[in-house]
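Enquirer: For reference, the sequence and a predicted model appear below.
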Amino acid sequence: AQSVTQPDARVTVSEGASLQLRCKYSYFGTPYLFWYVQYPRQGLQLLLKYYPGDPVVQGVNGFEAEFSKSNSSFHLRKASVHWSDWAVYFCAVSMRSNYQLIWGSGTKLIIKP
Amino acid sequence: EAAVTQSPRSKVAVTGGKVTLSCHQTNNHDYMYWYRQDTGHGLRLIHYSYVADSTEKGDIPDGYKASRPSQENFSLILELASLSQTAVYFCASVDRGRDAETLYFGSGTRLTVL
């Protein structure tokens, strides 16, 4: 069955440090993958998306993600985090048959000063 | 930028009572969705609609009704609220003809059923 797993419920990093948030997917076929971010007291908003092509995709605010078919992964990265990155990050895969998204459980990113 | 507003921001309801959550979008998107979010879980689709006066069941529709009286408005109705419906509810809209997987979300409604 199609699914998305975010193994880390919470990640804590120091401001200025690099970041990787993990996402594993299970999908029959070619996946279309997404990262959404939920800032405190706000709704979710799109951070970046992968359509088949270049495996590394760039998003807003210095975020990027890399698709790996062999590892069934779509990890999110940032070279240097800022306190404003404190948020919950959701990975999702699209059911292309009806464009519905299957969501991971989210990873809460906490920034240490 | 698409604007989706939800009301109320939070609500406390009693078991067996009726609850209505409202959603309003201003970008003339065709599709609208209701999701619920539970701690430690991803978003789960409750109902959606692709045109006014029509709604469709999502993955977890039991215990919920939806209403789309106009392009802009989409409501979620709990006729008999239960403890298990305590969650955060998100409304979202999308222009399926233009970018089918970029959803625009409201800020959520935190519902507590006592």
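Expert: Nice, thanks for sending it over.

Enquirer: where along chain A do the strands fall?
Expert: Applying DSSP state E to chain A gives strands spanning A:3-5, A:10-14, A:19-21, A:24-26, A:33-38, A:44-50, A:56-58, A:64-68, A:73-78, A:87-95, A:100-103, A:107-112.

Enquirer: Oh, that last question was meant for chain B, not what I typed.
Expert: B:4-7, B:10-13, B:19-25, B:31-37, B:43-51, B:54-57, B:65-67, B:73-78, B:87-94, B:104-105, B:109-113.

Enquirer: Any idea which of the ones you listed gets closest to chain A?
Expert: Nearest to chain A, of all these, is strand B:104-105, at 3.2 Å by Cβ to the nearest Cβ. Every C-beta, even on glycine, is put in place using the N, C-alpha and C of the backbone.

Enquirer: hang on, the earlier thing: out of the strands of chain B, which gets nearest to residue A:42?
Expert: With Cβ to Cβ, the closest approach to residue A:42 among the strands of chain B belongs to strand B:104-105: 8.2 Å.

Enquirer: what's that closest one in contact with?
Expert: Outside strand B:104-105, the residues that touch it by Cβ atoms under 8 Å, 6 or more residues apart in numbering or on different chains are A:43-45, B:1-4, B:25, B:27, B:29, B:90-94.

Enquirer: same question, stretch B:51-61
Expert: Outside stretch B:51-61, the residues touching it (Cβ under 8 Å, 6+ apart) are B:30, B:33-34, B:36, B:44-50, B:66-71.

Enquirer: Is it possible to get a markdown table of the strands of chain A that adds distance to chain B?
Expert: A markdown table is the format used below for those (distance: least, Cβ to the nearest Cβ, whole Å):
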| stretch | distance to chain B |
| --- | --- |
| strand A:3-5 | 7 |
| strand A:10-14 | 11 |
| strand A:19-21 | 14 |
| strand A:24-26 | 12 |
| strand A:33-38 | 6 |
| strand A:44-50 | 4 |
| strand A:56-58 | 13 |
| strand A:64-68 | 15 |
| strand A:73-78 | 14 |
| strand A:87-95 | 5 |
| strand A:100-103 | 3 |
| strand A:107-112 | 10 |
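
Enquirer: In its sheet, which strands sit next to the worst-scoring helix or strand of chain A on mean pLDDT, and in what direction?
Expert: Sorting the helices and strands of chain A by mean pLDDT, DSSP states H and E puts strand A:100-103 at the bottom, at a mean of 90. Sheet pairing of strand A:100-103 (DSSP bridges) gives strand A:87-95 (antiparallel).

Enquirer: got the angle for the partner strand vs strand A:33-38?
Expert: Angle between the axes of strand A:87-95 and strand A:33-38 is 150 degrees (criterion: axes from the mean of the first three to the mean of the last three Cα atoms, to 10 degrees).

Enquirer: which regions of chain B sit below the pLDDT cut-off?
Expert: B:1-2 (pLDDT under 70).

Enquirer: what does it put close to chain A?
Expert: For chain B, the residues in contact with chain A (Cβ under 8 Å from any Cβ of the partner chain) are B:4, B:40-45, B:90, B:92, B:96, B:100-108.

Enquirer: Quick one: buried ones out of these?
Expert: Neighbour-count burial (16 or more other Cβ atoms under 10 Å in any protein chain shown) is assigned, among the residues of chain B next to chain A, to B:4, B:42-45, B:90, B:92, B:100-101, B:103-108.
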